[in-house]
Each structure stands twice: as structure tokens, then as C-alpha cells.
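Participant: this one's sequence-less:
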């Protein structure tokens with residue numbers, strides 16, 4: 001599960017993916033388990049939920065390069081694009097509204113486009129979190 005955003009710019013609308021991952025880590029009781037993984041240039045926490053092993057990933061890069069971290073982590077953990085969930089902001093959804101998108105285009109989102117390019121696939125499931133337009 002990769003939270004897309006601009007690392008180091010906490011509290012901004014475009015960091016919604018990372019904010020969701022922070023909350024998920026708290027709910028799964030692994031919030032203290034974040035560690036820097038230099039192999040994929042990301043913060044990583046491992047968790048278990050409903051019998052599934054999860055890799056939580058917050059890329060330590062800017063949004064338009066998040067895919068490099070996601071692709072590296074996929075290789076390290078032997079994951080295919082179909083195993084990856086991207087969590088990201090969506091300007092076209094009202095604040096707080098969420099939707100799941102199964103594959104397809106990036107719809108203009110630079111972080112998603114970076115993941116599609118780096119993984120050479122658009123099969124990732126996306127959790128789109130509405131931030132609304134200003």
C-alpha cells in the first residue's frame with residue numbers, strides 16, 4: 001500500500017496519500033515501526049491485517065518521482081502491479097469523498113503516472129481521496 005505525496009511537506013492537500021498511510025499504520029498498531037529503507041528511498045512499515053501481510057510505503061521523493069520508490073519496493077518484496085494499492089489525492093472529488101479505481105489511466109495525477117511509468121503497467125488499484133478544488 002503506497003501513499004503518494006511530496007515527502008516532507010506534511011499537512012498539504014497533495015499529501016493525502018501519506019496522511020492516510022499514517023492513520024492506517026496507527027490503526028494496525030505499527031505506527032512506531034516506520035523505518036527508512038534506502039533500497040527503495042521510502043519509509044516502510046510492515047503490518048498484518050485479516051491474515052494478509054502488508055507493506056506500507058511512503059516514498060521519500062517528490063510526487064512526480066514516487067513511482068521509482070514504488071517500483072523498487074515491488075521488486076524487493078516480489079510484488080506485481082496487481083498487488084499494489086496506491087492511495088492518492090483527487091482534485092475532482094469533493095473533500096473527504098473516496099473512490100476505488102481499478103487500473104486505467106492516471107487521470108492527470110503525476111504520482112500515479114510516475115507509478116504507471118516505473119512499473120510499466122496501469123493495473124494498480126487506486127484509492128482516490130477527495131481534496132476538492134480550491
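Facilitator: Arrived safely. Predicted model only: the values in this text are computed from it and were never measured.

Participant: check contacts around residue 30.
Facilitator: Each residue near residue 30 by Cβ atoms under 8 Å, 6 or more residues apart in numbering is listed here: 45-47, 56. All C-beta atoms are positioned from the backbone trio N, CA, C, and that covers glycine.

Participant: next one: it from residue 54, what distance?
Facilitator: Separation of residue 30 from residue 54 (Cβ to Cβ, to the nearest Å): 9 Å.

Participant: over to residue 81?
Facilitator: Note on residue 81: its distance to residue 54, by Cβ to Cβ, is 16 Å.

Participant: with residue 66 instead?
Facilitator: Distance, residue 66 to residue 54, using Cβ to Cβ: 18 Å.

Participant: so which of the two has more stuff around it?
Facilitator: The neighbour comparison of residue 66 against residue 54 (other Cβ atoms under 10 Å) goes to residue 66, with 33 against 17.

Participant: which SSE is the spatially closest residue to residue 99 that is not a sequence neighbour in?
Facilitator: Beyond its immediate neighbours in the sequence, the residue positioned closest to residue 99 (Cβ to Cβ, 6 or more residues apart in numbering) is residue 128, lying 4.8 Å away. Counting by DSSP states H and E, the secondary-structure element that holds residue 128 is strand 125-130.

Participant: can you check residue 20 too?
Facilitator: Following DSSP H and E, one finds residue 20 within helix 16-27.

Participant: which parts of that helix are buried?
Facilitator: 16-22, 24-25 (16 or more other Cβ atoms under 10 Å).

Participant: could you dump those into a markdown table and include distance to residue 117 and pLDDT?
Facilitator: Conversion of the buried residues of helix 16-27 to a markdown table gives the following (distance: Cβ to Cβ, whole Å; pLDDT from 0 to 100):
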| residue | distance to residue 117 | pLDDT |
| --- | --- | --- |
| 16 | 21 | 91 |
| 17 | 17 | 93 |
| 18 | 20 | 94 |
| 19 | 24 | 93 |
| 20 | 23 | 94 |
| 21 | 22 | 95 |
| 22 | 26 | 95 |
| 24 | 26 | 96 |
| 25 | 27 | 97 |
